[in-house]
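S.K.: generate a structure from the sequence data that follows.
(one chain, ligands or ions: 2)
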Amino acid sequence: MTGPIAARPARSARPARPRVLCVDDEPGLLKLVARLLERMDLDVSTAASPNAALTLFDDEHFDLVVTDIRMPGMDGHAFLAEIRGRDPQVPVIVATGHASLDNAIRALRDGASGMLIKPFTAAEFETEITNALQRARIRHDALQYRLLTPILDGVALALTAAIEARDLETGDHCRQLGTLGERVATMLGLSEQERTTIRIGGYLHDVGKIAIADRILLKPGKLTDEEYAEMQRHADIGASIVQTHEAMTDIARIVRHHHERFDGAGYPDRLAGEEIPLGARIISIADAFSAMTNDRVYRKAIPEDQAWEEIRRNSGSQFDPAIVELYEIIADADAPPINGAAAVTPRAVVDPVVAAARPPRLSPNAP
Ligand SMILES: [Fe+2]
Ligand SMILES: [Fe+2]
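M.R.: Ligands and ions are numbered 1, 2, ... in the order given. Okay, here's the model as predicted:
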């Protein structure tokens, strides 16, 4: 009989050091294995029988289980099934002698994550344990990432809505930036995490405007030098707002540097070329495009083809020319068949394979 999964102790109780449960009916071997694990700075619990091990497993959280196959009372296969019934994810390493190699192979088929053939050296043991813990951590992080990313998107969009409610002209500007930026990130073959960073960076790029006074933010006319300097502070303020946790560092860097220029004449840090984070170089082009194609208090929107033309004109000075070329592919893909002013919508992301097969057009200003 297997225990209910709901009965497992809460994961939030996870201690800092990985916890390992060892079960073996040979006291000498159990002691040796425990010593090796402690030398690896792991927190070790031992059990002389599968039943004793299950009692411990029901009460505490473990990151790894190391078990013998041949044990009286309950063999390793039955024990593995009990563990899997309680926790389908926890890695289980099976230690066995040559004579029971078939058993070990069967255990691997039944969901064991690794195998140690006795007698094993300390180095073999450490490698197997380290690999199992690392694989489990990667799986755990990937799962967390998948679970948390939609929440992060939701929170970022809620913040964005708060800015947009105040600065009426921007409409869905921030969402548009996130979508466009992610499309370019996909074309560059960036990882899922990097794409998410750029998308959320796009959503949040202007979050610092929340601290800019209405008389400046909503001023219909040209800003004075002093007002412009005040407006520029939104990049720095936004980065401080976003930098709430070290996991937000890369997003905060996009927010801070989205007004840097490729030639080094931007703000706040006058970074140039590749000193500017890639995500910020991507988002700054989407920002300019979106700003030009939406009505603002101080000027009317211009058609998309004119906006792309303007971006091309500033390729190499304001914008990274290599990224401008990627946006040109998007512009071509989104261009309506008949001249019109269709908004850039979150349509299908440009297929990276198709993008790779279509060499980007050189912009007139490319070096
Ligand atoms: Fe901005
Ligand atoms: Fe913006």
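S.K.: and the helices in the chain?
M.R.: All helices of the chain, identified by DSSP state H, fall at 27-39, 50-59, 76-86, 101-109, 122-166, 173-187, 192-204, 214-217, 225-242, 249-257, 278-292, 304-313, 321-334, 352-357.
S.K.: which residues does the spatially most central residue of the chain contact?
M.R.: By C-alpha atoms, centre = their mean, the chain has its centre lying nearest to Gln193, at 2.9 Å. Gln193 makes contact with Tyr145 under the criterion C-beta atoms under 8 Å, 6 or more residues apart in numbering. (C-beta placed from N, C-alpha, C; glycine too.)
S.K.: tell me how far it lies from ligand 2.
M.R.: 23 Å (C-beta to the ion, to the nearest Å).
S.K.: ditto for Leu157
M.R.: Relative to ligand 2, and taking C-beta to the ion, Leu157 is found at 15 Å.
S.K.: one more: Pro50?
M.R.: 61 Å.
S.K.: what's near enough to touch the closest residue to ligand 2 within the stretch 1-150 of the chain?
M.R.: Closest residue of the stretch 1-150 of the chain to ligand 2, C-beta to the ion: Thr149 (22.7 Å). Contacts for Thr149 (C-beta under 8 Å, 6+ apart) come out as Thr196.
S.K.: give me that answer again for 10 Å
M.R.: Glu192, Gln193, Thr196, Arg199, Ile200 (C-beta atoms under 10 Å, 6 or more residues apart in numbering).
S.K.: and of those, the nearest to Ala161?
M.R.: Ile200 (14.3 Å; C-beta to C-beta).
S.K.: tell me where the model's unsure across the chain.
M.R.: Scanning the chain for pLDDT under 70 picks out 1-15, 98-101, 167-171, 297-298, 336-367.
S.K.: let's see 80
M.R.: In the predicted model of the chain, residues 1-16, 97-108, 141-148, 161-172, 245-246, 295-299, 334-367 satisfy pLDDT under 80.
S.K.: make CSV out of the helices of the chain and add distance to Arg270.
M.R.: Below are these laid out as CSV (distance: least, C-beta to C-beta, whole Å):
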stretch, distance to Arg270
helix 27-39, 51
helix 50-59, 58
helix 76-86, 57
helix 101-109, 57
helix 122-166, 25
helix 173-187, 22
helix 192-204, 20
helix 214-217, 22
helix 225-242, 12
helix 249-257, 10
helix 278-292, 13
helix 304-313, 21
helix 321-334, 19
helix 352-357, 32
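S.K.: mind giving me the domain ranges of this structure?
M.R.: Here the domain assignment for the chain is 5-136, 167-357, based on automatic domain parsing.
S.K.: which one of those domains lies nearest to Leu157?
M.R.: Per C-beta to C-beta, nearest to Leu157 of those: domain 167-357, 6.0 Å.
S.K.: how about the residues of the chain near ligand 2?
M.R.: Contacts of the chain with ligand 2, taken as C-beta under 5 Å from the ion, map to Asp206, Asp287.
S.K.: by proximity to ligand 2, which residue of the stretch 51-200 of the chain wins?
M.R.: His173 (5.8 Å).
S.K.: if I pick the residue in the stretch 101-250 of the chain positioned nearest to ligand 2, what's in contact with it?
M.R.: Here the residue of the stretch 101-250 of the chain nearest ligand 2 is Asp206; by C-beta to the ion that distance is 4.4 Å. Contacts for Asp206 (C-beta under 10 Å, 6+ apart) come out as 160, 163-164, 167, 170, 173-174, 177, 212, 217, 234-235, 238, 255, 258-259, 287.
S.K.: export stretch 258-273 as PDB, just CAs?
M.R.: The C-alpha trace of stretch 258-273 is given here as PDB (Å, rounded to 0.1, in the frame of the first residue of the first chain):
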ATOM      1  CA  HIS A 258      16.200  51.200 -22.500                       C
ATOM      2  CA  HIS A 259      17.100  54.800 -23.400                       C
ATOM      3  CA  GLU A 260      20.800  54.200 -24.000                       C
ATOM      4  CA  ARG A 261      21.900  54.800 -27.600                       C
ATOM      5  CA  PHE A 262      24.200  52.500 -29.600                       C
ATOM      6  CA  ASP A 263      26.500  55.500 -30.200                       C
ATOM      7  CA  GLY A 264      26.800  56.200 -26.400                       C
ATOM      8  CA  ALA A 265      24.800  59.400 -26.400                       C
ATOM      9  CA  GLY A 266      21.800  58.000 -24.500                       C
ATOM     10  CA  TYR A 267      20.900  57.900 -20.800                       C
ATOM     11  CA  PRO A 268      21.200  57.200 -17.900                       C
ATOM     12  CA  ASP A 269      24.800  55.700 -18.200                       C
ATOM     13  CA  ARG A 270      25.800  56.700 -21.700                       C
ATOM     14  CA  LEU A 271      26.600  53.000 -22.500                       C
ATOM     15  CA  ALA A 272      27.600  52.300 -26.100                       C
ATOM     16  CA  GLY A 273      27.400  49.300 -28.400                       C
END
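S.K.: show me what counts as buried in it.
M.R.: His258, His259, Glu260, Arg261, Phe262, Gly266, Tyr267, Leu271 (16 or more other C-beta atoms under 10 Å).
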